[in-house]
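Asks: how does the following fold in three dimensions:
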Amino acid sequence: MQTESFRAMNSDILLVAEGELSQVESGLVAAQNFVDASEKRFTRFSEQSELSALNRAAGGWFMASPDLFEVVKEAVFYFHKTNGLFDPSILPSLKNAGYIHSMDEIRRSGSAPQSDRHSSASISTFASVELNEAATSIRLPADLQIDLGGIAKGWIAERAARLLSQYASACAVNAGGDMFLIGYPHGRDSWEVSLEDPRNPKEDISTLLLQEGAVATSSIMKRTWKQGKISRHHLINPRTGEPANTSWLSVTVLAPHAATAETFAKAFLIADKDETLLLGEQNPELTVLAVDKDGNLVSLITPK
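Replies: Coordinates of the predicted model:
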């Protein structure tokens, strides 16, 4: 196996591939270039990104690139699929919680600014987003701003893995906990993936034997900061507009596609007891694992 690691999307990115040496090396370069270009397209922390241009165009139709259109279309689908628990329109709430700058920048400074409450919640909902597939155009309501961070990261991981697979017999891409696996290492019929203990990132809580597809983990322990004397994290409960008060330190979802795994990991982490039961009834095909505050690993859904 050949590997390449680098920093992008405020996450550690790991590319792993097996195959003919020169082909794999070319594939690693192509995959990294794709990740870097996609980050520039989808980041909300640059005024030059296409996402920022979309947000500035709210209220009118925006002609999007095929990639941005695809991610927004998937975001609309998973907003409904998760009963609104995955909601990209929580951007004003993220800003009010102090998540104004990139996480790398917040970590360097050690804190986030106090909210001035200028970023008020919108009246419109993400359900009001309009899509014109024939024209690859998107219309956000005038009072709506969106953040595609998590779903874009999962989408990028899967697309990068599919690109890398054109050069390799087996490969995997791990984008800060959003992982997509194609093929299998030589002589193996599964991938071994360590599940990190959210209380201590240097320790593993379990080892998963995975088939091809996606695995994603959302955690309230990773992207954290101080806003004054208050501890904050990036997983906003769209019902309250505040960082989620949850029973779980992390949730991991196994699914065929990275966008599915990413959005449901977030949804199950935010969900209360009744919402968890409903999501489980509606999506029995998923595998969902959660770590509680005592470090116990429990299964929320095990496919039958």
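
Asks: now do the strands in the stretch 151-300 of the chain.
Replies: Per DSSP state E, counting those that start in this stretch, the stretch 151-300 of the chain carries strands over the ranges 170-175, 178-182, 191-197, 200-210, 213-219, 224-227, 230-233, 236-237, 242-243, 248-255, 287-292, 297-301.

Asks: make CSV from those strands and add mean pLDDT to it.
Replies: Shown next, in CSV, are the strands of the stretch 151-300 of the chain (pLDDT from 0 to 100):
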stretch, mean pLDDT
strand 170-175, 97
strand 178-182, 97
strand 191-197, 93
strand 200-210, 91
strand 213-219, 94
strand 224-227, 55
strand 230-233, 58
strand 236-237, 84
strand 242-243, 78
strand 248-255, 95
strand 287-292, 96
strand 297-301, 91
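
Asks: need those in TSV with mean neighbour count and distance to Ala64, can you?
Replies: Heads up, the C-betas are built off the backbone N, CA and C, glycines and all. Converted to TSV, the strands of the stretch 151-300 of the chain look like this (neighbours: other C-beta atoms under 10 Å; distance: least, C-beta to C-beta, whole Å):
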stretch	mean neighbour count	distance to Ala64
strand 170-175	26	22
strand 178-182	25	22
strand 191-197	16	33
strand 200-210	12	33
strand 213-219	24	24
strand 224-227	17	31
strand 230-233	16	30
strand 236-237	22	24
strand 242-243	18	30
strand 248-255	24	25
strand 287-292	21	32
strand 297-301	15	34
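
Asks: okay, those in a markdown table with distance to Ile270 next?
Replies: Below are those laid out as a markdown table (distance: least, C-beta to C-beta, whole Å):
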| stretch | distance to Ile270 |
| --- | --- |
| strand 170-175 | 21 |
| strand 178-182 | 17 |
| strand 191-197 | 20 |
| strand 200-210 | 21 |
| strand 213-219 | 9 |
| strand 224-227 | 16 |
| strand 230-233 | 11 |
| strand 236-237 | 5 |
| strand 242-243 | 10 |
| strand 248-255 | 9 |
| strand 287-292 | 12 |
| strand 297-301 | 13 |
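
Asks: closest to the centroid, which residue in the chain?
Replies: The residue lying closest to the centre of the chain (C-alpha atoms, centre = their mean) is Gly150, at 2.3 Å.

Asks: what about Lys71, which SS state?
Replies: Careful, residue 71 is Val; it's not Lys. Assigned with DSSP: H, G, I helix; E, B strand; the rest coil, Val71 falls in the helix class.

Asks: contacts only, for it.
Replies: 42, 148, 151-152, 155 (C-beta atoms under 8 Å, 6 or more residues apart in numbering).

Asks: let's see that with 10 Å instead.
Replies: Contact analysis of Val71 by C-beta atoms under 10 Å, 6 or more residues apart in numbering lists 38, 41-42, 51, 64-65, 88, 148, 151-152, 154-156, 159, 259.

Asks: give me the buried subset of those residues.
Replies: By neighbour count, with 16 or more other C-beta atoms under 10 Å, these hold 38, 41-42, 51, 64, 88, 148, 151-152, 154-156, 159, 259 as buried.

Asks: ranges for the helices of this structure?
Replies: Assignment of helices within the chain using DSSP state H yields the ranges 21-42, 50-56, 66-81, 91-96, 103-109, 149-164, 258-270, 273-282.

Asks: determine which stretch of those helices is the most buried.
Replies: helix 258-270 (a mean of 28; mean count of other C-beta atoms under 10 Å).
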